[in-house]
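In: requesting a structural model of the entry that follows:
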Amino acid sequence: MARIDFALSPALRADARAAFLLLQGTDISLEEAARRAVRGRRALRRILVSVAADEFVRSRLLAGRRAWTVEWYEQKLKMFVAKFGARFFDEVDRSELHTWLNGLPVAIGTRAGIARAVRALWRWGLAQEPQLVAVDLTVGLKTTGPSNAGEAKFLTVPEVAQIMAAAGPYRSALALMLFGGVRPEEVAGWGKEPLRWRQVRVEDKVIRIPGEIAKTGKPRLIEELPAAVWAWLEPQGDGVAVCPARARQAILAAQRAIEGADWPHDATRHTFATYAMAAASDAGQVATWLGHEGVPTMLHRHYRGLTDKASAAQFWDLRPPS
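Out: All right, here's what the predicted structure looks like:
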């Protein structure tokens, strides 16, 4: 083995002084820093995954992210923290991270959401000074859900009838989704103010979606809807939420009502759009109801011809039992 000369040149001494300055305030020696660098873990501040996740979520709030976005990160990181929370952040291995995520017993879309949140956490850790991790282990993770390209899937008229008959306390919320085209997260989404009855003016046949709960961040009015939506609503006091829980609970109630059937992606919006396009001759009106900012030709491309006018008439004729 060749003899190593340990005499430090002026350049090496300057490099060592710079390294010691970087390590000030940490419990890491220069030797330990070098060992980590050799292993590919250059983190100079070691914290637990649970602490890192808490700090990351707090940083999103301090950065002015919307409350529902912050809560989304918190929810998506829960399973990651449950698995790795007691480990040091810079000790998680790429292989075990990918194996764990790909083996989660959740839907593809949910897995993709968790992957996006974990990726954001890692990139935040890389950007900290000093770094909390050295390498982005999330490269290669699938962060997109199933493609929605192709023919939109929607609920049949009998399925909608079953859903509304069993809707219980979620009847009004599901009516706004199915017969009004309101997005579930606009009815009552994570971290957002829920839609309240003062914003659903039954006497004027107008629904107002405030900017703070609209997906686009822009307020919109939904007017001139077919009569079905108003027949299903059960108005209460102005300050009362239309949905007594998160919209997710209403969707789960709808799924239980047609147990055994496939539940299409974004089922309520696709159902509304499909029957609206079959019944209406004005795609621009349907786009306005849906809050679409794109051109109406997109609606023709995705929804025209999926069902016939007779089925659309049956859909819009659905009413609660007298």
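In: how about low-confidence regions in the stretch 201-322 of the chain?
Out: Within the stretch 201-322 of the chain, the stretches with pLDDT under 70 are 260-261, 281, 293-306.
In: can you give me the helices in it?
Out: Using DSSP state H, counting those that start in this stretch, the helices of the stretch 201-322 of the chain run over residues 228-232, 247-257, 267-279, 283-290, 297-303, 309-316.
In: as a markdown table, these with distance to residue 165 and mean neighbour count would be great.
Out: For the C-beta atoms, the positions are set from N, CA and C on the backbone; glycine is no exception. Putting the helices of the stretch 201-322 of the chain into a markdown table (distance: least, CB to CB, whole Å; neighbours: other CB atoms under 10 Å) gives the following:
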| stretch | distance to residue 165 | mean neighbour count |
| --- | --- | --- |
| helix 228-232 | 11 | 18 |
| helix 247-257 | 7 | 19 |
| helix 267-279 | 16 | 23 |
| helix 283-290 | 25 | 18 |
| helix 297-303 | 26 | 15 |
| helix 309-316 | 15 | 16 |
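In: and of these, who's closest to residue 69?
Out: helix 247-257 (16.4 Å; CB to CB).
In: on that earlier part again, can you redo the helices of the stretch 201-322 of the chain as CSV with distance to residue 60?
Out: Output for the helices of the stretch 201-322 of the chain, formatted as CSV (distance: least, CB to CB, whole Å):
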stretch, distance to residue 60
helix 228-232, 36
helix 247-257, 21
helix 267-279, 27
helix 283-290, 29
helix 297-303, 32
helix 309-316, 41
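In: so which of the ones you listed comes closest to residue 185?
Out: It is, among the helices of the stretch 201-322 of the chain and with distance given as CB to CB, helix 247-257, at 6.4 Å.
In: nearest to residue 172, out of the helices of the stretch 201-322 of the chain?
Out: Among those, helix 228-232 sits nearest to residue 172 (CB to CB), with 7.0 Å.
In: got the contact list for the closest residue to residue 320 other than its chain neighbours?
Out: Leaving aside its chain neighbours, residue 320 sits nearest to residue 232 (5.9 Å; criterion: CB to CB, 6 or more residues apart in numbering). Contacts for residue 232 (CB atoms under 8 Å, 6 or more residues apart in numbering) come out as 164, 171, 172, 174, 175, 179, 319, 320.
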